[in-house]
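Engineer: this one's structure only:
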Ligand SMILES: C[S@@+](CC[C@H](N)C(=O)[O-])C[C@H]1O[C@@H](n2cnc3c(N)ncnc32)[C@H](O)[C@@H]1O
């Protein structure tokens, strides 16, 4: 394999935007790829995958190449050396010594925080919370590339029919045993341009995330509130499980996300949805005792989804995690009022930290055991193959 200068420049440009302008990796890659419509599928894949890989292995690459902060060319050079791609004779790679890189590679692999490319504070936090064995296992899995998983929109098509439809245009997928609507792509590719996506036949949604809506045990005809709906990944799934019957109120503190949700709902043929921007605690108060089911898919560290968002490792901070934990507890305590007595809620995160998951639920039940009852919980661990998620089902007495 050969490194082409225009592709190398695109990768370095993407890395600068991610690390220096604090932009999300997926958005940056989308932008960089748009700059040159002439790049073919292979070039685009190279830019996207190499950028993600260097973001994932940033600390390790910086260490073995001894690159100065911000020297993304050196990181790319180190990546080439590790992938046995001959280093071109470019000025940008001057100062890189292949033999020394290999020596440091061997040495650094012995130290977990370098081998797994993780900030010191996060490595300590993970080990303290999960114990050494579990943390090592999950950390390793979190550095793997994520599968691309689709959820067939059963308001329009079954998973089997979707599989046939995609196969007609040479997109191979496998059905997933534990996920009745799930299909995993045999080969990573952009499926958003496919007519089946434009028709609303599917959404891209990790398999572990597809556990959450069924965990809420919704039924057609119920009144359901999705209180942290965002752009509605799980809202759309709830609507499909409810066969468009009953009512879903999707809420969020970010109006633009709800607008995006409306667009997705139109495409998916969802007709039992209302969105409500949360202006203040009054918005919650007005819905007192009104819901049969409530989803609290709360903001979290996102530590369970590092496979697809590796840049989060470098952007998270202990302060952010503390703040988000306070917000999680506030949402659990204040939003349960929207449930009718006998109603049920799911508290979920895409984190693997007990302090954001079972510990929050335990603290809530200890304090409010007179009003709420813990029913069951489920973990999806990154080491099991898909993203890391946690969900707990809680009943209002
Ligand atoms: C994990 S994301 C939700 C993802 C979404 N449920 C999905 O499946 O695509 C958490 C959401 O909570 C929202 N949020 C933050 N603070 C909130 C609050 N106080 N009340 C309700 N939602 C909040 C965020 O804007 C974000 O969209």
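Structural biologist: Nice, thanks for sending it over. Since the structure is predicted, the reported quantities are computational estimates derived from the model, not experimental observations.
Engineer: after the helix or strand harbouring residue 236, next one along is what?
Structural biologist: Element membership of residue 236, judged by DSSP states H and E, is helix 233-241. Beyond helix 233-241 on the C-terminal side, the first helix or strand identified by DSSP H and E is strand 247-252.
Engineer: for that next one, the distance to its chain's centre please.
Structural biologist: 21 Å (C-alpha atoms, centre = their mean, to the nearest Å).
Engineer: what pLDDT, on average, does the very next helix or strand once past that strand get?
Structural biologist: Sequence order places helix 255-268 as the next helix or strand after strand 247-252, per DSSP H and E. The average pLDDT within helix 255-268 is 98.
Engineer: Just name whatever secondary elements the helix or strand encompassing residue 224 is in contact with.
Structural biologist: Taking DSSP H and E as the criterion, residue 224 maps to strand 223-226. Taking 3 or more C-beta pairs under 8 Å, 6 or more residues apart in numbering; DSSP states H and E as contact, the helices and strands that strand 223-226 lies on are helix 233-241, strand 247-252, strand 291-297. C-beta: built from backbone N, CA, C; applies to glycine.
Engineer: tell me which parts of the stretch 201-350 of the chain are close to the ligand?
Structural biologist: 227-234, 252-254, 257, 278, 297, 299, 327, 331 (C-beta under 6 Å from any ligand atom).
Engineer: Name the next helix or strand downstream of the lowest-mean-pLDDT helix or strand in the chain, please.
Structural biologist: When each helix and strand of the chain is scored by mean pLDDT, DSSP states H and E, helix 25-35 comes last, with a mean of 92. Proceeding N to C from helix 25-35, the next assigned helix or strand is helix 41-56, under DSSP H and E.
Engineer: Tell me how this structure divides into domains.
Structural biologist: 5-117, 149-204, 208-396 (automatic domain parsing).
Engineer: What's opposite the closest residue to the ligand within the stretch 51-200 of the chain in the beta bridge?
Structural biologist: Nearest to the ligand, among the residues of the stretch 51-200 of the chain, is residue 151, at 11.1 Å (C-beta to the nearest ligand atom). Beta-bridge pairing of residue 151 under DSSP bridges involves residue 182, residue 203.
Engineer: Now do it against residue 132, distance only.
Structural biologist: Relative to residue 132, residue 151 is positioned 35 Å away (C-beta to C-beta, to the nearest Å).
Engineer: Compare those two (neighbour count), which wins?
Structural biologist: residue 151 (26 against 11; other C-beta atoms under 10 Å).
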